[in-house]
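Novice: Coordinates only, no sequence provided:
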């Protein structure tokens, strides 16, 4: 009974983690950017969906779409206002661009977080779920919303896989992650590929944010922990490896759920962090990472 | 040319410190308290800059070093009631040991992986503090029975003196042959290694020095506050502020980092009337500096100097 409960809850949490971390790792894999405003964009999407539903009184589907659209806009804003100016700047030496992008996106994330807190307060917000009620899965009473979350996450990840591996655009993205110079030699504009990746990222972060808002609720305080958890999942899986971060998301999700059920919810994040430390020492490039 | 500039910098610093030392005569205790914190914070930023600006290693976890120093000193004082000074020294030493343990394996990995390892260290420390709440005070914070002194002026002068001495040592180190080797290994470690320098040993040394000053400053800060908490010395957000301060003031300048730290804290205070928007405005200004003046305050001043 408890085993099934852990299995089901863990799956939903893991799927959500996986979705949140996928976009993050995709951007790093393709353009080498670690976007530290990730948590802020996810929370922004959830808060936008919440505000649209509770203030404009529109139905939850439209609210969710608005949340995703806002995340998309925020992702583009991050790229064009922060990341691209740093990458193109002549005054920043190339070997230091990484730290400047990190600092820049971090500050950008704090700005978004503060604006959310200013306009919508620090209170936790729960987005009205699209599906309500509970269902019986393997003898465990499970909220339908939890099943919905898991299903949507898996569907979106599957769609992403098809997009990246089976379409022309996706293949260009894949090629750019392997050899950017080779892609430009083939006559493809690297900036266009980056814009596509940021668009994919915005949609993924938006969906993940809205689902998180329905499943667990968000507040402007969740920004830091969300970025940190995406970060650690991506490190565990290997920077830039999408399949690695999917595996890592499930490892972390289940570790957390098992700890929360069997030991204590207070120690929830510790085993995953310990695992992270061990991996950093033994295999610093992560489970499936490239050096 | 370099000699002239060095002496001019020396004179300017001397004047600034002299003026700063007379502040207690005509500003309120509140302002002094603010600056006291800012000076300790300045040491955090300078210690970080030695590691990033010179050794080229991005340490995302300055608060790991700070926190270990701060909590070690605080816990020793709380448990055994040892004198404040012994606790501060032991705190700094604990930080050096922690820095050594962290750096030894972390330096095997390059670039972003080093930064990630240090970030994970902070998260571990944060969890440790919360889990062993009996020892550390947990999320509420650790109450520390002793303080350095309760006199606001004395506290201010101690912080100013500490920052000045730390700045002199760290700046001197960065300009010494050792600093040049560090800078070389930060910019091109392969070439620096080919010239016969032991890169790992030098970087380890930089890490240990950085850890020593971070831990020392962290320990002194908790004895000024009379309390240690995750929010003040361990949280990732504190580390972010240290990094922002160093980049804002001008990386690779050491002294700029202290300026950036003082600016961050004082600006935050000036913006207090704007209420919740204060952090937003500071972040916005910092982002503009990062985007348009990547050299930071001191970097901009130095390049103008160099052009003349």
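Specialist: Looks like it came in fine. Owing to the predicted nature of the structure, the values given are computational and were not obtained by experimental measurement.
Novice: Tell me who's in contact with the residue in the stretch 151-300 of chain B that chain A sits nearest to.
Specialist: Residue of the stretch 151-300 of chain B nearest chain A, by CB to the nearest CB: residue B:280 (3.8 Å). (C-beta placed from N, C-alpha, C; glycine too.) By CB atoms under 8 Å, 6 or more residues apart in numbering or on different chains, the contact set of residue B:280 is A:110, A:111, A:114, A:115, A:118.
Novice: same deal with residue B:298?
Specialist: With CB under 8 Å, 6+ apart, residue B:298 has these contacts: B:249, B:250, B:253, B:255, B:256, B:259.
Novice: Columns neighbour count and pLDDT on top of the residues you listed, output as a markdown table?
Specialist: As requested, the contacts of residue B:298 are exported to a markdown table (neighbours: other CB atoms under 10 Å in any protein chain shown; pLDDT from 0 to 100):
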| residue | neighbour count | pLDDT |
| --- | --- | --- |
| B:249 | 29 | 85 |
| B:250 | 27 | 83 |
| B:253 | 24 | 83 |
| B:255 | 22 | 86 |
| B:256 | 28 | 87 |
| B:259 | 23 | 89 |
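Novice: State the number of residues packed around residue B:286.
Specialist: For residue B:286, the neighbour count with other CB atoms under 10 Å in any protein chain shown is 26.
Novice: Is it within a helix or a strand, and which one?
Specialist: According to DSSP states H and E, residue B:286 maps onto helix B:278-292.
Novice: just so I have it, where are all the strands in chain B?
Specialist: B:142-143, B:227-228 (DSSP state E).
Novice: which of these is buried the deepest?
Specialist: Neighbour counts (mean count of other CB atoms under 10 Å in any protein chain shown) averaged over each of these peak at strand B:227-228, with a mean of 24.
Novice: Report the separation between residue A:218 and residue A:122.
Specialist: Per CB to CB, to the nearest Å, residue A:218 is found 11 Å from residue A:122.
Novice: ok, the two, which is more surrounded?
Specialist: residue A:218 (28 against 13).
Novice: mind listing what that one touches?
Specialist: A:42, A:43, A:46, A:47, A:124, A:125, A:209, A:212.
Novice: Put together CSV for the residues you listed, with neighbour count and pLDDT on each row.
Specialist: Listed next are the contacts of residue A:218 as CSV, based on neighbours: other CB under 10 Å; pLDDT from 0 to 100:
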residue, neighbour count, pLDDT
A:42, 33, 92
A:43, 29, 91
A:46, 32, 91
A:47, 26, 91
A:124, 13, 81
A:125, 20, 81
A:209, 34, 91
A:212, 23, 89
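Novice: So for residue 233, what's the nearest residue that isn't a sequence neighbour?
Specialist: I'll assume chain A. residue A:21 (4.3 Å; CB to CB, 6 or more residues apart in numbering or on different chains).
Novice: actually chain B
Specialist: Closest to residue B:233 by CB to CB, 6+ apart is residue B:70, at 4.3 Å.
Novice: pLDDT value on the one you found, please?
Specialist: Residue B:70 carries a pLDDT score of 92 in this model.
Novice: and it, how far is that from residue B:8?
Specialist: From residue B:70 to residue B:8 the distance is 36 Å (CB to CB).
Novice: Who has more neighbours out of these two?
Specialist: Counted by other CB under 10 Å, residue B:70 and residue B:8 do not tie: residue B:70 has more neighbours, with 33 against 11.
Novice: Tell me how many other residues surround the closest residue to residue B:251 other than its chain neighbours.
Specialist: Residue nearest to residue B:251 in three dimensions, not counting chain neighbours: residue B:53, with 4.4 Å by CB to CB, 6+ apart. Neighbour count for residue B:53, taken as other CB under 10 Å: 25.
Novice: ok, residue A:64 - contacts?
Specialist: So residue A:64 contacts A:49, A:127, A:130, A:210 (CB under 8 Å, 6+ apart).
Novice: What is the burial count for the last one?
Specialist: For residue A:210, the neighbour count with other CB under 10 Å is 31.
Novice: Quick check, pLDDT for the closest residue to chain B within the stretch 151-291 of chain A.
Specialist: As assessed by CB to the nearest CB, chain B sits closest to residue A:284 within the stretch 151-291 of chain A, at 4.2 Å. If you check residue A:284, the pLDDT there is 71.
Novice: Helix, strand or coil: sort out it for me.
Specialist: Using DSSP: H, G, I helix; E, B strand; the rest coil, the structure places residue A:284 in coil.
Novice: Would you agree it is in contact with residue B:108?
Specialist: Yes - the criterion here is CB atoms under 8 Å, and residue A:284 meets it with residue B:108 at 7.2 Å.
Novice: so which strand or helix has residue A:50?
Specialist: helix A:38-55.
Novice: for the residue nearest to residue B:233, what are its contacts?
Specialist: B:91, B:215, B:218, B:219, B:221, B:222, B:228, B:233, B:234.
Novice: Next one: the closest residue to residue B:212 other than its chain neighbours from chain A, what distance?
Specialist: Sequence neighbours aside, residue B:96 is the residue nearest to residue B:212 in space, at 5.1 Å (criterion: CB to CB, 6+ apart). Going from residue B:96 to chain A by CB to the nearest CB, to the nearest Å gives 20 Å.
Novice: okay, now residue B:96: neighbour count?
Specialist: Neighbours of residue B:96 using other CB under 10 Å come to 23.
Novice: For residue A:123, list the residues it contacts.
Specialist: Contact partners of residue A:123, counting by CB under 8 Å, 6+ apart, are residue A:219.
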